[in-house]
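Asks: With the sequence up front, the predicted model follows.
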Amino acid sequence: MKILITGCKGQLGSELQRILAAGKSELGPMPEKLQKATVIASDLDTLDIANRHEVAVFLRRHQPDVVINCGAYTNVDGCEANSETAFKANAIGPRNLAMACAEIGAKLVHVSTDYVFSGDATAPVCEYDAVAPKSVYGKTKLLGEQYVQQFCTRFFIVRTAWLYGYQGNNFVKTMVKLGKERGAISVVNDQLGNPTNAVDLAHHILKLVVTKEYGVYHCTGKGICSWYDFAAEIIRLAGVNATVSPCTTQEYQKMITKPGADRPAYSALDNMMLRVSVGDEMRTWQDALKCYFKNWDGQ
């Protein structure tokens, strides 16, 4: 099997490559079909997914069986200030990949986000619940999902949230850094969601690609917490001598000079589609975080 990974330098793209090279993840072995997979790793410097002609030529030349699109503009505040850039990366890019995949008969995995929902729910959101994004990031990611469904039939749309991995920047690394530098951190306690380890997400994406269980999936860590709960556990596991204090979103916005995009107050997702198809092996967010600190090199 030949697999093209776009956005290969990010935390998910890096983790997918690491697991494919090892033939296993922290959760277990990869399917037999993936044990000798050929990986084509690309990022913006080798493939601009927003360029339709470039994407079509690239896929015709390499003929992948599967395309896993990890490429996106994920800076939520940056999307508000640079809406055209966000539109190109998060909507036009997936459209181009979907059209090219349809042409060569490849499967497409498109990674999406909890931000396609309003954030006003009071219980974990299922795949069939109505989408209603509030931010430019969420709106462009939703349009990307719609383009994938419009132009490609062999697709897996995988929504995740609060992602952290060994490679790249994320909330876990930021909290450790701030804890060491400041000794005291204030973190919002009124935004709830599911922290997700990139290992778990990558493992399930690779389980899906060898199947024909096409559709929309939620794939997040098990259990719900606030950013404050998450940060407190990070500092505890990191062994950093720092205090973590809860604050409201309103209080936090007063502390920063440039208020950004609206964050979902409640973005917990329910992995229903995983449970009824390939199985939900996602770890609890606490267990996955504990394993992360056992394996992270601190860089």
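Replies: In hand now; what should we look at? Numbers count the residues shown, from 1 in each chain.
Asks: how far away is the closest residue to Ala161 other than its chain neighbours from Pro124?
Replies: Leaving aside its sequence neighbours, Ala161 sits nearest to Asp114 (CB to CB, 6 or more residues apart in numbering; 3.9 Å). Where C-beta positions appear, they are placed from N, C-alpha and C, glycine not excepted. Counting by CB to CB, to the nearest Å, the gap from Asp114 to Pro124 is 10 Å.
Asks: Give the residue spans of the stretch 151-299 of the chain that score low on pLDDT.
Replies: 257-259 (pLDDT under 70).
Asks: related to what we said a few turns ago, so between Asp114 and Pro124, which is more surrounded?
Replies: Asp114 (24 against 19; other CB atoms under 10 Å).
Asks: how close does the more buried one get to Asn194?
Replies: Asp114 sits 8 Å away from Asn194, going by CB to CB.
Asks: any common contacting residues for those two?
Replies: Common contacts of Asp114 and Asn194, defined by CB atoms under 8 Å, 6 or more residues apart in numbering, comprise 161-162, 220, 267, 269.
Asks: Let me know the closest of those residues to Gly279.
Replies: Closest approach between the shared contacts of Asp114 and Asn194 and Gly279, by CB to CB: Thr220, at 15.1 Å.
Asks: What is the neighbour count of the closest residue to that closest one other than its chain neighbours?
Replies: Distances taken as CB to CB, 6+ apart put Asn194 closest to Thr220, at 3.7 Å, once the chain neighbours are dropped. By other CB under 10 Å, 27 other residues sit near Asn194.
Asks: same check, this time on Arg283
Replies: Arg283 has 20 nearby residues by other CB under 10 Å.
Asks: Dihedrals phi and psi, the residue nearest the centre of the chain?
Replies: Centroid check for the chain by CA atoms, centre = their mean gives Thr160 as the closest residue, at 4.8 Å. Main-chain torsions, Thr160, degrees, to the nearest 10: phi -130, psi -180.
Asks: Let me see the contact set for it.
Replies: Shown in contact with Thr160 (CB under 8 Å, 6+ apart): 111-114, 196, 201, 218-220, 269.
Asks: tell me the secondary structure for Thr74?
Replies: coil (DSSP: H, G, I helix; E, B strand; the rest coil).
Asks: Going forward, the N-terminal residue is numbered 704.
Replies: Taking 704 as the first residue, the last one we looked at is Thr777.
Asks: doesn't Tyr840 make contact with it?
Replies: Yes: assessed by CB atoms under 8 Å, Thr777 is found in contact with Tyr840 at 7.3 Å.
Asks: who's more crowded, these two?
Replies: Neighbour totals were compared for Thr777 and Tyr840, and Tyr840 leads with 25 against 20 (other CB under 10 Å).
Asks: what's the nearest residue to that one if we skip its chain neighbours?
Replies: Tyr840 sits nearest to Cys782 (CB to CB, 6+ apart), 4.0 Å away.
Asks: how near is that neighbour to Cys928?
Replies: Per CB to CB, Cys782 is found 25 Å from Cys928.
Asks: Show me which of the two is the more surrounded one.
Replies: Neighbour count, other CB under 10 Å: between Cys782 and Cys928, Cys782 has more, with 26 against 20.
Asks: Confirm that Leu811 sits in a strand.
Replies: Yes: assessed by three-state DSSP, Leu811 belongs to a strand.
Asks: Surely it touches Leu800?
Replies: Yes: counting by CB under 8 Å, Leu811 touches Leu800, with 6.0 Å between them.
Asks: List the residues that are in contact with both of those two.
Replies: Common contact partners of Leu811 and Leu800 (CB under 8 Å, 6+ apart): 770, 772, 851.
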